[in-house]
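>>> just need the structure, nothing else, for what follows:
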Amino acid sequence: MLPHCPLIQQLSPGVTAERYAYLLDDMLAHGYRMVAAFEADTCVGISGIWVATKIYSGRYLEMDNVVVADTHRSKGIGQLMTNFVTELALAEGCELIMLDAYLENVKAHAFYERAGFVKKGYHFLKRL
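Residues are numbered from 1 along each chain as shown. A predicted model of the protein is given here:
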């Protein structure tokens, strides 16, 4: 997963390789996994995934840090990954898939809506 840090940095430019490694250690210990799309030996898309349960949703799969290399966008890679994750969620007994998208990422909103996702609410943060 560490070699994919440049893709993560396209989504979150402030994340250093060192912080990414540190965060991955904690996330992997709590069930974090990744799916990836490759063109030859080059990773061109990734998404972290978690499976958990909430009262309002039941068992769900969360897509996290979804990014397609900016050189490979609009080539079907996002759809390929979304289809794969959907099949995985079904195989793992999930009732739904959820994800967060930054408010300013309007192109991602349109993509997710075309893929069948609906905007359900706001994700609030409080920095500590």
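
>>> host element of residue 97?
Using DSSP states H and E, residue 97 maps to strand 96-99.

>>> against which helices or strands is that strand packed?
Contact here means 3 or more Cβ pairs under 8 Å, 6 or more residues apart in numbering; DSSP states H and E; on that basis strand 96-99 packs against strand 58-68, helix 77-91. Every residue, glycine included, has its C-beta placed from N, CA and C.

>>> so for stretch 19-36, what gets flagged as buried?
20, 24, 27, 32, 34, 35 (16 or more other Cβ atoms under 10 Å).

>>> pLDDT of whichever strand or helix holds residue 50, averaged?
Using DSSP H and E, residue 50 sits within strand 42-54. For strand 42-54, the mean per-residue pLDDT is 95.

>>> now do stretch 83-103
96.

>>> quick one: end-to-end length of that stretch, please.
Stretch 83-103 has its terminal residues 23 Å apart, counting by Cα to Cα, to the nearest Å.

>>> re earlier: which members of the buried residues of stretch 19-36 occur in helices, if any?
Residues of the buried residues of stretch 19-36 located in helices (DSSP state H): 20, 24, 27.

>>> what sits against the second one?
What it means is residue 24. The neighbourhood of residue 24, defined by Cβ atoms under 8 Å, 6 or more residues apart in numbering, consists of 1, 2, 32.

>>> where does residue 113 sit: helix, strand or coil?
Recorded secondary structure, residue 113: helix (DSSP: H, G, I helix; E, B strand; the rest coil).

>>> work out for me the element residue 108 sits within.
Assigning secondary structure by DSSP H and E places residue 108 in helix 106-114.

>>> can I get the CA coordinates of that helix in CSV?
Extracted as CSV, the C-alpha positions of helix 106-114 are listed here (Å, rounded to 0.1, in the frame of the first residue of the first chain):
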residue,chain,number,x,y,z
VAL,A,106,-18.5,18.1,-7.8
LYS,A,107,-17.2,15.8,-10.5
ALA,A,108,-17.0,13.0,-8.0
HIS,A,109,-20.6,13.8,-6.8
ALA,A,110,-21.9,13.4,-10.3
PHE,A,111,-20.0,10.1,-10.8
TYR,A,112,-21.3,8.6,-7.6
GLU,A,113,-24.9,9.7,-8.4
ARG,A,114,-24.6,8.1,-11.9
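
>>> with that, I have no additional questions.
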